[in-house]
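**Q** just need the structure, nothing else, for what follows:
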Amino acid sequence: MSRAIPRIAPLAPPYPPEIQAQFDRIMRGAPPLVLFRVMAGHGRAWDKFRAGGLLDLGPLSLRQREIVIDRTCALSKCEYEWGVHVAVFAGPARLTEEEVRATVEGDATSACWSLDEQALIAAVDALHHRATFTDAEFAALAAHYDEAQILEIMLLCGFYRTVSYLANGLRLPLEEKAAQFPA
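**A** Coordinates of the predicted model:
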């Protein structure tokens, strides 16, 4: 596990009451993540970050959402956020070990993915590498996902690319219970 020191110091407890209440709401009893503690030390950044959160019940299933997030973080080489999401959500999202590994080492043609998940992975890859879709890629995505879902996919990719910039750029240490990239 990485023991790097973040480039911007995280808040240390005790937290101001408003921040503690926000942590309690987000973390549901677990200690706040280092990323949250760093962001919460800077009011404007914390407010903007929290406003962009996409972990509510949206138009994608939990499984679809987590595939998008895990793949985005893996492509961005963000072990910190990938590890948090795998540790917390892989089980509830019913992602197998093979599928979790494929978010890092596989691609859209990996045998573990269904056809709709292959379109999802291909879309994440296209957005990551080119920030757009070809007509064929968009058509493949639209064959499985409606407009609201496609917008959610794009929002998730963008938000978690930003999260990856933050975690990587701040050199955040891995969370204690986070998963690590496959060896």
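**Q** can we go C-alpha only for contacts and neighbour counts from here?
**A** Noted.
**Q** check which helix or strand Leu11 maps to.
**A** Leu11 is part of no helix or strand, with elements assigned from DSSP states H and E.
**Q** pretty sure it sits against Leu35.
**A** No. Counting by CA atoms under 8 Å, Leu11 stays clear of Leu35, with 9.9 Å between them.
**Q** nearest residue to Trp113 in space, ignoring adjacent ones along the chain?
**A** Glu99 (7.4 Å; CA to CA, 6 or more residues apart in numbering).
**Q** and Ser76, by the same measure?
**A** Nearest one to Ser76, counting by CA to CA, 6+ apart, is Ser164 at 6.3 Å.
**Q** circling back: and the pLDDT at the residue nearest to Trp113?
**A** At Glu99, the model reports a pLDDT of 98.
**Q** please compute how far the helix or strand containing it lies from its chain's middle.
**A** Counting by DSSP H and E, the element that carries Glu99 is helix 97-105. The chain centroid and the centroid of helix 97-105 are separated by 14 Å under CA atoms, centre = their mean, to the nearest Å.
**Q** who are the neighbours in contact with Leu75?
**A** 104, 125, 128 (CA atoms under 8 Å, 6 or more residues apart in numbering).
**Q** so where's the protein shaky on pLDDT?
**A** Scanning the chain for pLDDT under 70 picks out 1-3.
**Q** buried ones in the top helix by length along the chain?
**A** The helix that spans the most residues within the chain, counting by DSSP state H, is helix 147-169. By 16 or more other CA atoms under 10 Å, the buried positions in helix 147-169 come out as 149-150, 152-154, 156-161, 163-168.
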